[in-house]
Structures are given as C-alpha cells and as structure tokens.
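Q: need a 3D model of the following:
(chains A, B, C and D)
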Number of protein chains: 2
Amino acid sequence: MTDQKPLGFQDIRDEVVNRIQTRVWPQGSLLPTEMELAAEFGVARATVNRALRELAEQGIVTRKRKGGTRVVTTPVKQAKLPITVVRQTIEEMNAEYRYALVSRTLIDCPAWLQAKLNIPEGAQVVHLQCMHHADNRPFQFEERWINVSTVPQVLDEDFLTTGPNEWLLSEVPFSNAEIAFSAVPATGHLQEFLAVPPGTPLFQLERTTWFRSDPVTFVRMTFHQGYQMRTTY
Amino acid sequence: MTDQKPLGFQDIRDEVVNRIQTRVWPQGSLLPTEMELAAEFGVARATVNRALRELAEQGIVTRKRKGGTRVVTTPVKQAKLPITVVRQTIEEMNAEYRYALVSRTLIDCPAWLQAKLNIPEGAQVVHLQCMHHADNRPFQFEERWINVSTVPQVLDEDFLTTGPNEWLLSEVPFSNAEIAFSAVPATGHLQEFLAVPPGTPLFQLERTTWFRSDPVTFVRMTFHQGYQMRTTY
DNA sequence: AAGTGGTCTAGACCACTCA
DNA sequence: GAGTGGTCTAGACCACTTT
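A: Residues are numbered from 1 along each chain as shown, chains lettered A, B, ... in the order given. Sure thing, here's the model as predicted:
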C-alpha cells in the first residue's frame, strides 16, 4: 500500500508549504516543474497548477514562464483587513448600537476635497457629521462628504435613521477605495463628541471611494479612546 | 460574425462583475448555474467555475452546492495590507535608512507575555529595543520579545547591525500572526526616542507571531508623529 | 432524490522568457 | 528555439444541500 487515497490540490499545497517551511526547498530555490511534481504526487498537472497558483497568490512563491517556480526570499505578508460597517462591529461585541445624525448640509465642494477627489470646480457635495454609539457610549465620530454628481439620490436622503455608510453600501455597492490609518489628537468636535480630554490620541481611518472611476465619497472616521483594530495573517 | 475571439475566465469574471454593478443581477439575486453561463458565453464549465470562484474569494458572491451562486447583499470589503519590513518602507520613500540597537537583554518571560504567548512559566525571552531612522530622523521605535525556546539561535545574535525584524524573517519565514493597530500617547521611552512632546498621539502596531503553533515573538512598533499607513481595495 | 458547485483528469495549445 | 507556466476543453465523479 504505497498510495492510500488520491491527493487533492489542498494536499499538494500543504505538502509544498511543508517542504518550504522545513527548508527542503530553501528560500530562493527553484521548485520542480509542474510536470515533475504531478508525476511525484500522482496527479494531473492541473492539480499541481492550482496548488502552486494559490501559493503564488499568497506571495509564498513566484512563478515565471520558462523561469519556473521559486521560493520567495523575503515573503511579503498580506494581512486581510475586513472592512465592516460600524453597526456590525458593535453588534459583534454584543453591544447595543445607536446612530445619531449631527448635521447634514449641501455645500459647494471645498478646494481640498476637489483636489482629493479630482472633481470639477463648483461641484456640490453633501456634508455629514454623525455619531455611532455602543451601549450609549461614544464609539465613532464620522465626518463624510458625498459627491452629488455621482450619487444624486443623496439629495433625497435625510440620514436621520440610517447611517451614510450603510446607505451608500446599498446604493453604490462594489466600489473600490483608498484607506489611510493614523493617530490624531482630539480637538474641537472630536473632543466633544467622543467625550475625551483635549489632545487625547485617537485612532482614525480615512477612506476615499470610487465607483467605476467616479469619485463617490470621502470619509473620516475617528474612534473612541483606546480602540484597537485587529486582524490576522 | 457573432463571436469574435474565445473568451477567457477573466472576461467572464469582468462581465459578471459588470452585470452585478449595473444591477442586471441585483444584490441578493441568484445567478444562472455554471452550465447555463458556460452555454451563454460559449466556454467550458471549468472556465465559468474559475471566474465565479475568484468572485467568491473576493466576497462579491457566495456559492453553495445545490443552492447556486448568489450576489452578496452587504459585501464585506477586504483590504489587503502588505506587511513590509521597515527598511523597505523607508527606502521606498527614497530616504536613507539607519538602524540602531538600544538595548538587548535576556530575561525571564514576564507574566503578561506568558499569558499572551501561552508559554510555560520560567521560559526565557530576549528583550530588544531598537530605533529605525529615515534620513536621520526618528521613524519607528521597536520593542520586541523573542521566545528563546522557539528560536534558540537568538542567543547567538547580537542585533548590532541587523534589525530583529529582518533577522527573524530569514530565520523563521512563513509564520502567521495577529496584528492590532491603535493610537497611543507618547510617554517615557517613546517620547524621548521619537523626539516628540509628552502625550503626542502616535500610531502603534502590535504583532504576535507563531511558527507552526509555536509562539515566536511579540513586537510593538510605534511610528513617528503623523505617520499614516495606507492601503487599497 | 435531484440539482448544484467542487474537483480531478488527460490532452491540447498558447505566451512568455530565457539561453 | 525550447522549456515553463497559463489557460482552456470535454468529460467524469463526488459532496453537499435542499426538496
């Protein structure tokens, strides 16, 4: 009984990872070709291909036609950061979510936002300020600008009961975005709404969103004192 | 000339995304089966399968045997966050990188770290403090604890010229980790090494790393004032 | 019980890239 | 020019889930 049961692509993948981790195939070395591996494991080349393709996506190996498959020397880890809606985050903590609109105004797009979104002069945007509470304690202050020309429906939405994040997600799903994380001091509005002393370090997330190369929205979300964003790789 | 050239899985994928974005297949709706799509596009089922599998990985659709393929109602975006070495980050800014070891001591594992890494009592760890400079200005302060029992080679490494991050990457590549981002005030060491007034908000990244379920290291990296971490999705 | 996606196979052709 | 991965096909069987 040399072979027990047929191997799947996941078995191949795991075994390759194994050999890389145990330095059977050291960093920088060249792996056998797909055909050789297929012969060794007794599977079709397509199966080996799928296994190695996944490892390439994970950044563990690089693949080149004619060049073969090589173990990456300095693996660039990729943490997957799930971007959820605030409501979900809070409800997953088993806390009670409460949303409150602070202000909603229709304004001419300020110059800095024009530049950031690359939209023409004189465009109009809806400016929103909102608070998100968890168990009645301040959780996140949200300041947002929505491009009226991309999302004209925004003029008919008052955002009194639904947060702009969730509303936009239903109106403009499947957009793409740029995100920036930073630490900022509590000043002005932030200090008041998040109920912290002036200068308190706060975790902040800025995001610019497009739908098919049309700028949709820019949002600045500032979290309560001590908030940690977590992930894995 | 009804069909020009044979379609690839990428064409299928893009066209499906297109139909989802334009609400031909609205959120929550059921897509045609793989066989139906294969017939429509004039390709093999495997090709449709690959296209839809990618969209499922991206979280745009969900797939269930017998249940079919369904457009996700509230897409959970996943930002891919490349975790690079500090040196790279700095060199990509076209700045000059400089590393300096502040302290290196062999100590008994403190209780809080024992709990965090889940290692037995009395274990020993190497405690490191380092500074990373960009163009001779403070960029990042790194405080790290390395588990001696998992990485015994650490006893022979003085870390005078090479940062522990890069060293560990060559000794223990392909590990997995938990990451937490937060905003902290500058105090004590941080304030001095990063040359900022006390209480300045600083961006901090904490990471716990394992290799095959053996705890390797815990690191706390605090960045200079105003640092932003950026990504896309 | 039936229908759907999940996977594998054997073969083929192509595209890239190295020598 | 030759070798490698990239992709596609047609068919098959399996595994899960709903009816």
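Q: domain-wise, how is chain A divided?
A: For chain A, automatic domain parsing gives the domain ranges A:9-71, A:86-223.
Q: ends of the last one, what's the gap?
A: The one in question is domain A:86-223. 10 Å (C-alpha to C-alpha, to the nearest Å).
Q: which stretches of chain A have low pLDDT?
A: Within chain A, the stretches falling below the threshold (pLDDT under 70) are A:1-4.
Q: can you show me the strands along it?
A: For chain A, applying DSSP state E gives strands covering A:61-64, A:68-71, A:77-83, A:97-108, A:124-134, A:137-147, A:176-185, A:201-211, A:214-223, A:228-232.
Q: is it possible to export these to CSV including mean neighbour count and distance to residue B:158?
A: For the C-beta atoms, the positions are set from N, CA and C on the backbone; glycine is no exception. Conversion of the strands of chain A to CSV gives the following (neighbours: other C-beta atoms under 10 Å in any protein chain shown; distance: least, C-beta to C-beta, whole Å):
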stretch, mean neighbour count, distance to residue B:158
strand A:61-64, 15, 32
strand A:68-71, 18, 28
strand A:77-83, 17, 26
strand A:97-108, 14, 52
strand A:124-134, 20, 47
strand A:137-147, 22, 45
strand A:176-185, 19, 32
strand A:201-211, 21, 34
strand A:214-223, 21, 40
strand A:228-232, 13, 32
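Q: which one of the domains of chain A lies nearest to chain B?
A: domain A:86-223 (3.4 Å; C-beta to the nearest C-beta).
Q: I'd assumed residue A:42 was in contact with residue A:7.
A: Yes - proximity of residue A:7 to residue A:42 meets the contact threshold set by C-beta atoms under 8 Å, at 7.0 Å.
Q: next, count neighbours for the closest residue to residue A:40 other than its chain neighbours.
A: Computed as C-beta to C-beta, 6 or more residues apart in numbering or on different chains, the closest residue to residue A:40 that is not its neighbour in sequence is residue A:32, at 7.3 Å. When neighbours are counted by other C-beta atoms under 10 Å in any protein chain shown, residue A:32 registers 15.
Q: quick check: residue A:32 touching residue A:38?
A: No - under the contact definition of C-beta under 8 Å, residue A:32 does not touch residue A:38, with a separation of 9.4 Å.
Q: re earlier: ok, which of the domains of chain A comes nearest DNA strand C?
A: Nearest to DNA strand C among the domains of chain A is domain A:9-71; the distance by C-beta to the nearest atom of the strand comes to 3.2 Å.
Q: and the residue of chain A at minimum distance from DNA strand C, how close does it get to residue B:63?
A: With C-beta to the nearest atom of the strand as the measure, residue A:8 is the residue of chain A nearest to DNA strand C, at 2.7 Å. When C-beta to C-beta, to the nearest Å is applied, the distance between residue A:8 and residue B:63 equals 18 Å.
Q: return the residues of chain A in contact with DNA strand D.
A: Within chain A, the residues that sit near DNA strand D (C-beta under 7 Å from any atom of the strand) are A:31, A:33-35, A:45-46, A:49, A:52-53, A:56, A:63-69.
Q: out of those, which are buried?
A: Among the residues of chain A next to DNA strand D, the ones that count as buried by 16 or more other C-beta atoms under 10 Å in any protein chain shown are A:31, A:34, A:49, A:52, A:69.
Q: could I get those as a markdown table with distance to DNA strand C?
A: Listed next are these as a markdown table, based on distance: C-beta to the nearest atom of the strand, whole Å:
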| residue | distance to DNA strand C |
| --- | --- |
| A:31 | 15 |
| A:34 | 9 |
| A:49 | 8 |
| A:52 | 12 |
| A:69 | 13 |
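Q: among those residues, which are within reach of chain B?
A: On the criterion C-beta under 8 Å from any C-beta of the partner chain, none of the entries of these sits beside chain B.
Q: tell me the contacts of the residue in chain A that DNA strand D sits nearest to?
A: Shortest chain A-to-DNA strand D distance, computed as C-beta to the nearest atom of the strand: residue-wise this is residue A:66, at 2.8 Å. With contacts defined as C-beta atoms under 8 Å, 6 or more residues apart in numbering or on different chains, residue A:66 has no neighbours.
Q: need phi/psi at it.
A: According to degrees, to the nearest 10, the main-chain angles of residue A:66 amount to phi 70, psi -30.
Q: quick one: it from residue A:33, how far?
A: Look at residue A:66 and residue A:33: by C-beta to C-beta, they are 11 Å apart.
Q: from memory residue A:40 sits against residue A:34, does it?
A: No - using C-beta under 8 Å, residue A:40 makes no contact with residue A:34, being 10.8 Å away.
Q: up against DNA strand C, what does chain A have?
A: If contacts are counted using C-beta under 7 Å from any atom of the strand, the residues of chain A sitting beside DNA strand C are A:6-10, A:42-47, A:50, A:64-67.
Q: how near is the nearest residue to residue A:58 once chain neighbours are set aside to residue B:13?
A: Take residue A:58 and drop its neighbours on the chain: the residue closest to it by C-beta to C-beta, 6+ apart is residue A:78, 7.5 Å away. Summarising the geometry, the distance separating residue A:78 from residue B:13, computed by C-beta to C-beta, is 20 Å.
Q: can you check residue A:21 too?
A: 32 Å.
Q: among these two, which residue is more densely surrounded?
A: Of the pair residue A:21 and residue B:13, residue B:13 is the one with more neighbours under other C-beta under 10 Å, namely 20 against 16.
Q: surely the more buried one touches residue B:54?
A: Yes - using C-beta under 8 Å, residue B:13 is in contact with residue B:54, at 5.7 Å.
Q: circling back to that earlier point, so the residue of chain A closest to DNA strand C sits against residue A:47, correct?
A: Yes - the pair residue A:8 and residue A:47 qualifies as a contact (C-beta under 8 Å) at a distance of 7.4 Å.
Q: okay, those two: which has more neighbours?
A: Legend: neighbour count by other C-beta under 10 Å for residue A:8 and residue A:47, higher for residue A:47 (22 against 13).
Q: excluding covalently adjacent residues, which one is nearest to that one?
A: Spatial nearest neighbour of residue A:47, excluding adjacent residues (C-beta to C-beta, 6+ apart): residue A:9 at 4.9 Å.
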